[in-house]
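**Q** Quick one, what's the 3D model for this:
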Amino acid sequence: MKSGARIEAFLEMMSAERGAADNTLSSYRRDLEDASEFLGGRLAEADAAAIRSYLDDIAGRGFAATSQARKLSALRQFFRFLYAEGLRSDDPTGILDSPKKDRPLPKTMSEAETGRLLDRAATEASETADGDSLAATRMHALVEVLYATGLRVSELVSLPLTVAMRDERFFVVRGKGDKDRMVPLSSKARTAMRAWLDQRNRDPRQADSVFLFPASSQSGHLPRQVFARDLKGLAARAGIASAKISPHVLRHAFASHLLQNGADLRAVQQLLGHSDISTTQIYTHVLEERLLKLVNEHHPLAD
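**A** Residues are numbered from 1 along each chain as shown. Predicted structure coming up:
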């Protein structure tokens, strides 16, 4: 069996046995085919020295450490599959070190900036003339729900209409890997959502949609790029640099502000929908600052 056929067998296993998403399979295919091309189509027979040579090559091509680590991860899984299937007697990636990855701190906003953004959205929703009130009311609902829940932007814009129909303090959202999780909804977010629902249902172009934020797009709901663009405009009107904000920044603000105010890291992991606590640990700097403040304020020997 040649390398190409073994790559196909690996991808088939990942799809059938592990339920890998299409995007994940495409990523694996690109990474494995890139390595196979470098190795002259003999990826399945490669030894550790050959794999190391490939890793040196992609580093020389300027790939970031995160991309290098992703490619090595694909290779590790591929060779583990070959070993498990008896197609190889060894795993050449077992002795290779992962590239060192710098984990930059996530961009976020202060509580005061977030308050200004939400206040501006509320003001525009209540004061905008009829012609533009639909967009302003929708934006108010979007930012209130995003900050209240920490949803991924793709989860937010594709929320089903049923979320707004229940008027409950929690709702269930389907995230990455089709995993469901429960997220809280503040009273302000519920109020903003009800106001949007009232306007939405009076618009004949949107009333029949199954989405809370419908649009005449291919997906049927508001494209995340449109929301990101409109969010920057709202930020600018609130006196916040538009370059500083994105839907992902508001998600980070949700997590950071929870931790600053005493939330547990495991609880934040669950709310964000992170499958691994290591992903949530990018926020440990917030915990460190909180613990340092706690010691300085309450320890009897603190200066």
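**Q** just the helices in the stretch 151-300 of the chain please.
**A** Ranges of helices in the stretch 151-300 of the chain, per DSSP state H, counting those that start in this stretch, are 153-157, 162-166, 187-201, 224-237, 247-260, 265-272, 277-280, 284-298.
**Q** among those, which is nearest D22?
**A** D22 sits nearest to helix 153-157 of all these, at 14.4 Å, using CB to CB. All C-beta atoms are positioned from the backbone trio N, CA, C, and that covers glycine.
**Q** thinking A35 is in contact with L75, fair?
**A** Yes. Here A35 reaches L75: they are 6.2 Å apart, a contact under CB atoms under 8 Å.
**Q** okay, and the common contacts of these two?
**A** I51 (CB atoms under 8 Å, 6 or more residues apart in numbering).
**Q** re earlier: can I get the helices of the stretch 151-300 of the chain in TSV including mean pLDDT, mean neighbour count and distance to T66?
**A** As requested, these are exported to TSV (pLDDT from 0 to 100; neighbours: other CB atoms under 10 Å; distance: least, CB to CB, whole Å):
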stretch	mean pLDDT	mean neighbour count	distance to T66
helix 153-157	93	20	20
helix 162-166	84	15	33
helix 187-201	92	18	33
helix 224-237	95	16	22
helix 247-260	87	20	16
helix 265-272	81	17	19
helix 277-280	65	13	13
helix 284-298	57	12	19
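**Q** Can you add distance to G62 and give those back as a markdown table?
**A** Formatted as a markdown table, the helices of the stretch 151-300 of the chain follow (distance: least, CB to CB, whole Å):
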| stretch | distance to G62 |
| --- | --- |
| helix 153-157 | 28 |
| helix 162-166 | 43 |
| helix 187-201 | 43 |
| helix 224-237 | 27 |
| helix 247-260 | 24 |
| helix 265-272 | 31 |
| helix 277-280 | 25 |
| helix 284-298 | 28 |
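**Q** Looking at the ones you listed, spot the one closest to E85.
**A** Set against E85 and scored by CB to CB, these come closest in helix 277-280, at 28.9 Å.
**Q** looking at it, D57 is touching E37, isn't it?
**A** No. The criterion here is CB under 8 Å, and D57 misses it with E37 at 10.8 Å.
**Q** Do you have the strands of the stretch 51-200 of the chain handy? List them.
**A** According to DSSP state E, counting those that start in this stretch, the stretch 51-200 of the chain carries its strands in the segments 170-174, 180-184.
**Q** May I see those organised as CSV, with distance to W196, mean neighbour count and mean pLDDT added?
**A** Below are the strands of the stretch 51-200 of the chain laid out as CSV (distance: least, CB to CB, whole Å; neighbours: other CB atoms under 10 Å; pLDDT from 0 to 100):
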stretch, distance to W196, mean neighbour count, mean pLDDT
strand 170-174, 15, 14, 85
strand 180-184, 18, 14, 87
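**Q** Out of these, which gets nearest to V226?
**A** Closest of the strands of the stretch 51-200 of the chain to V226 is strand 170-174, at 20.3 Å (criterion: CB to CB).
**Q** ok, A136 touching E124?
**A** Yes. Judged on CB under 8 Å, A136 makes contact with E124 at a distance of 4.4 Å.
**Q** who has more neighbours, the two?
**A** Neighbours per residue (other CB atoms under 10 Å) separate A136 from E124, with A136 holding more: 22 against 19.
**Q** list the contacts for that one?
**A** By CB under 8 Å, 6+ apart, A136 lies in contact with A121, E124, A125, T128.
**Q** go again using 7 Å as the cut-off
**A** Counting by CB atoms under 7 Å, 6 or more residues apart in numbering, A136 makes contact with E124, A125, T128.
**Q** any idea which of those residues is closest to I245?
**A** Distance to I245, by CB to CB, is smallest for E124 among those, at 15.8 Å.
**Q** What residues does the closest one make contact with?
**A** A136.
**Q** Which of the contacts of A136 sits closest to E12?
**A** Of all the contacts of A136, A125 has the smallest distance to E12: 50.2 Å, by CB to CB.
**Q** Any idea how many residues pack against that closest one?
**A** A125 has 22 nearby residues by other CB under 10 Å.
**Q** For it, give its distance to A136.
**A** A125 sits 5 Å away from A136, going by CB to CB, to the nearest Å.
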